[in-house]
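Asker: build the 3D model from these lines:
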Amino acid sequence: MAIDKETVKYAAHLARIELKPKELEKLSQQLQDILDFIDQLKKIDIKDIHPTSHILPINNVLREDCPRESLPSEKTLMNAPVKEGNFFVVPKIIE
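Answerer: Numbering: from 1, shown residues only. So this is what the prediction gives:
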């Protein structure tokens, strides 16, 4: 699959990203390099390779899940820039 400047320009428009001509050229080339590398990986014979999630044996370290008292709301809200009752006030981000 080939990535050309028009495809990148269209994707940038959909993502609401403004790209300068130099950025468009660089990003187009980088994306094409990524796709070329993926094509190389597809050619590798991996039928005799067992799937792994990590190359080293890793054990998750978990603490015992014991219920305990939570932080009091007064202390939680102590450094809040804006609060209303027992809640943080945050700016609206949805248009």
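
Asker: middle-most residue in the protein, spatially?
Answerer: Closest to where the C-alpha atoms of the chain average out (C-alpha atoms, centre = their mean) is Ala15, at 14.8 Å.

Asker: next one, pLDDT for that residue please.
Answerer: We have a pLDDT of 95 for Ala15.

Asker: helices of the protein, start to end?
Answerer: Per DSSP state H, the chain carries helices over the ranges 5-14, 21-42, 73-76.

Asker: list the contacts of the shortest one.
Answerer: Looking back up the chat, that one is helix 73-76. Asn86 (C-beta atoms under 8 Å, 6 or more residues apart in numbering). Any C-beta I mention is one placed from the backbone N, CA and C, and that applies to glycine too.

Asker: how about the first one?
Answerer: With contacts defined as C-beta under 8 Å, 6+ apart, helix 5-14 is touched by Glu18, Leu19, Leu24, Glu25, Leu27, Ser28, Leu31.

Asker: report pLDDT for the fourth one.
Answerer: Which is Glu25. At Glu25, pLDDT is 93.

Asker: how close does it get to Phe87?
Answerer: Separation of Glu25 from Phe87 (C-beta to C-beta, to the nearest Å) stands at 48 Å.

Asker: where does pLDDT dip in the protein?
Answerer: 1 (pLDDT under 70).

Asker: how many neighbours does the residue lying closest to Leu19 once chain neighbours are set aside have?
Answerer: Among residues not flanking Leu19 along the chain, Ala12 sits closest, at 4.9 Å (C-beta to C-beta, 6 or more residues apart in numbering). Neighbour count of Ala12, defined by other C-beta atoms under 10 Å: 15.
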